[in-house]
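In: Everything below, folded, please.
(4 chains)
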There are 2 protein chains.
Amino acid sequence: MRNEEYSGWEDVRAEALRRIQSRAWAPGALIPSEEEFARELSCARTTVNRALRSLAEEGLLIRKRRAGTRVAELPQRAAKLNISLVAEEIRARGASPSHLCILQDSRPLPSHIAAAMSLPVAAPLIYVETLHLADARPFAFETRFINPQSVPAAREADFASVSANEWLLRHAPFNHGTLDYSARPAEAEAAEALGCAPQTPTLVLDRVTHGPEAAITWVRMAYAPDYHLTMKL
Amino acid sequence: MRNEEYSGWEDVRAEALRRIQSRAWAPGALIPSEEEFARELSCARTTVNRALRSLAEEGLLIRKRRAGTRVAELPQRAAKLNISLVAEEIRARGASPSHLCILQDSRPLPSHIAAAMSLPVAAPLIYVETLHLADARPFAFETRFINPQSVPAAREADFASVSANEWLLRHAPFNHGTLDYSARPAEAEAAEALGCAPQTPTLVLDRVTHGPEAAITWVRMAYAPDYHLTMKL
DNA sequence: CAGTGGTCTAGACCACGGG
DNA sequence: CCGTGGTCTAGACCACTGG
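Out: As a prediction, the model looks like this:
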């Protein structure tokens, strides 16, 4: 059995990973410098850099200039959550998505939501209620406020054909936002829409998205009682 | 006002981002090739590559060989979730973490958990119940099964001083795992530990982590009713 | 101050896959 | 086929920071 060849950065990465997982590089220990490691594997330092950077991004290595690279003592890996589009989420579950725009009007902002959006309570916002369906069965009940100052075109939008969710994603790209999941008893309106008893525990997502200047939208999604939010680690 | 200088890949990235957000590069449209863009900004193609790759990883660009790079029509950004250590999560909330190991024994695996862990029901597993506290107030109630086949040292471990959570992270680095959040009525035991009424809606996390060979642990965290899982987008 | 990671460059080869 | 992105290389300079 001869030595393996390490040509690509993915091979270098795999080799480093192997040494970490086999404890050949102990947690907290200093590993060889990029130059050394490159010499050992007969490749360019750039290639090693790419590999180690990749492992560092995943939290398995801690890199510091001058101090060198160490194996993380408590390797913490992050799960990625990708649920910008409800319809996509439903499709990913093998069901056919659809939605009902229950109502769409304009109304003043409740004070606790105004705080979350960093907006004054004064000006009325667009308000939309939507029921999302998976294979014609209730999936989630959505309550949404839209700031027309950030998205003037929203005033003329019709959310019956394209959901507010998708419409906003297309017309108002956001800079940053906040997600907030909690467990809450279903409110009367949500319970009716979802077809469950009031007070049934439901998973609730509150999301605020901000544009370059001000908040774009606040949305609360109350998911059906059997909903599970799953992610890979 | 003279032209800006684009030396680093972060500057190139910023410029590309500006063009995307300003719609100078429309959604779905083809953007200049790396070579073109590099010429325009007077930098190496490698630098442009680094910048565009970064934007592609965030889902703002779609890159294909030969077909070129396009602006994503539905820019979907992923939120990162980092909750491998309960104690860290509590600390991040500005509270002081502690825990009580309520019980630790060995018992057969309930069939639905065995399925989740891809293990036979036969052999008994280590079972641990832990209450996590934030500033001495109940934070989460943890129920856990540990597979001694994957982590033999766990048989002699004492989870009173170091939580099972942290002990496993140190002694049994995992390859991959699954997270599953749902809203559930508090079970009797959890309700008592958390100091809330039974049936109160609680956020529940079921997590399975796997080692290179077999499952390492299954854990259910029932969070206190006022718990919010927050993430940035 | 000096070693380490971070990055840029110019050039090269290759894999993929659209036309 | 052949343009595009993906990557490797060798060399260089720089930024940071520990000793």
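
In: alpha carbons only for contacts and neighbour counts from here, please
Out: OK.

In: in chain A, which spans are strands?
Out: For chain A, applying DSSP state E gives strands covering A:61-64, A:68-71, A:79-81, A:97-107, A:125-134, A:137-146, A:176-185, A:201-210, A:215-223, A:229-232.

In: who's in contact with the residue nearest the centre of chain A?
Out: Against the mean C-alpha coordinate of chain A, by Cα atoms, centre = their mean, the closest residue is residue A:81 at 3.7 Å. Taking Cα atoms under 8 Å, 6 or more residues apart in numbering or on different chains, we find residue A:81 in contact with A:231, B:78-81.

In: hang on, the earlier thing: what's the least confident stretch among the strands of chain A?
Out: Per-stretch mean pLDDT for the strands of chain A is lowest at strand A:79-81 (a mean of 91).

In: And residue A:98, how far from DNA strand C?
Out: 30 Å (Cα to the nearest atom of the strand, to the nearest Å).

In: beta partners for that residue?
Out: Per DSSP bridges, the residues bridged to residue A:98 are residue A:133.

In: Am I right that it is in contact with residue A:132?
Out: Yes. With contacts counted by Cα atoms under 8 Å, residue A:98 reaches residue A:132, the gap being 6.1 Å.

In: who has more neighbours, these two?
Out: A count of neighbours by other Cα atoms under 10 Å in any protein chain shown puts residue A:132 above the other of residue A:98 and residue A:132, at 27 against 20.

In: ok, and what's touching stretch A:224-233?
Out: Contacts to stretch A:224-233, defined as Cα under 8 Å, 6+ apart, come from residues A:77-81, A:138-141, A:194, A:196, A:200-203, B:176-183.

In: Pull out the buried members of those.
Out: Among the contacts of stretch A:224-233, those classed as buried by 16 or more other Cα atoms under 10 Å in any protein chain shown are A:77-79, A:81, A:138-141, A:194, A:196, A:200-203, B:177-183.

In: quick check, nearest of the contacts of residue A:81 to DNA strand C?
Out: Distance to DNA strand C, by Cα to the nearest atom of the strand, is smallest for residue B:80 among those, at 20.3 Å.

In: and the spatially closest residue to the closest one that is not a sequence neighbour, what does it touch?
Out: Of all residues not flanking residue B:80 in the chain, residue A:80 sits nearest, at 4.8 Å (Cα to Cα, 6 or more residues apart in numbering or on different chains). Counting by Cα under 8 Å, 6+ apart, residue A:80 touches A:231-233, B:78-81.

In: Output these as a markdown table; include the columns distance to DNA strand C.
Out: Formatted as a markdown table, the contacts of residue A:80 follow (distance: Cα to the nearest atom of the strand, whole Å):
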| residue | distance to DNA strand C |
| --- | --- |
| A:231 | 26 |
| A:232 | 24 |
| A:233 | 24 |
| B:78 | 21 |
| B:79 | 22 |
| B:80 | 20 |
| B:81 | 22 |
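
In: just curious, which of these is nearest to residue A:24?
Out: Using Cα to Cα, residue A:233 is the member of those that lies nearest residue A:24, at 23.9 Å.

In: how does chain A divide into domains?
Out: Following automatic domain parsing, one finds the domains of chain A at A:9-71, A:86-223.

In: anything in the first one sitting right up against DNA strand C?
Out: Yes. Under the criterion of Cα under 7 Å from any atom of the strand, DNA strand C is reached by domain A:9-71 at A:32-35, A:45-46, A:49, A:53, A:63-69.

In: Can you tell me which residues in chain A are near DNA strand D?
Out: Residues of chain A lying near DNA strand D (Cα under 7 Å from any atom of the strand): A:7-10, A:42-47, A:50, A:64-67.

In: just the buried members of those?
Out: Buried by 16+ other Cα under 10 Å: A:9-10, A:43-45, A:47, A:50, out of the residues of chain A next to DNA strand D.

In: And the residue of chain A closest to DNA strand D?
Out: Closest contact between chain A and DNA strand D, by Cα to the nearest atom of the strand, is at residue A:8 (2.6 Å).

In: That residue is in contact with residue A:46, isn't it?
Out: No. Look at residue A:8 against residue A:46 with Cα under 8 Å: they stay out of range, at 10.8 Å.

In: From the residues of domain A:9-71 next to DNA strand C, which land in helices?
Out: A:34-35, A:45-46, A:49, A:53 (DSSP state H).

In: export those residues to CSV and tack on pLDDT and distance to residue A:223?
Out: Compiled in CSV, these are given as follows (pLDDT from 0 to 100; distance: Cα to Cα, whole Å):
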residue, pLDDT, distance to residue A:223
A:34, 97, 49
A:35, 95, 52
A:45, 96, 50
A:46, 96, 47
A:49, 97, 44
A:53, 97, 38
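
In: from those residues, which two are the most distant?
Out: Of all pairs drawn from those, the greatest distance, 14.1 Å, lies between A:35 and A:53 (Cα to Cα).

In: neighbour count winner among the two?
Out: Each of residue A:35 and residue A:53 has its neighbours counted (other Cα under 10 Å); residue A:53 has more, 17 against 14.

In: and the nearest residue to residue A:180 once chain neighbours are set aside, how many residues sit next to it?
Out: Among residues not flanking residue A:180 along the chain, residue B:230 sits closest, at 4.4 Å (Cα to Cα, 6+ apart). Neighbourhood size, residue B:230 [other Cα under 10 Å]: 16.

In: Sweet, I'm off.
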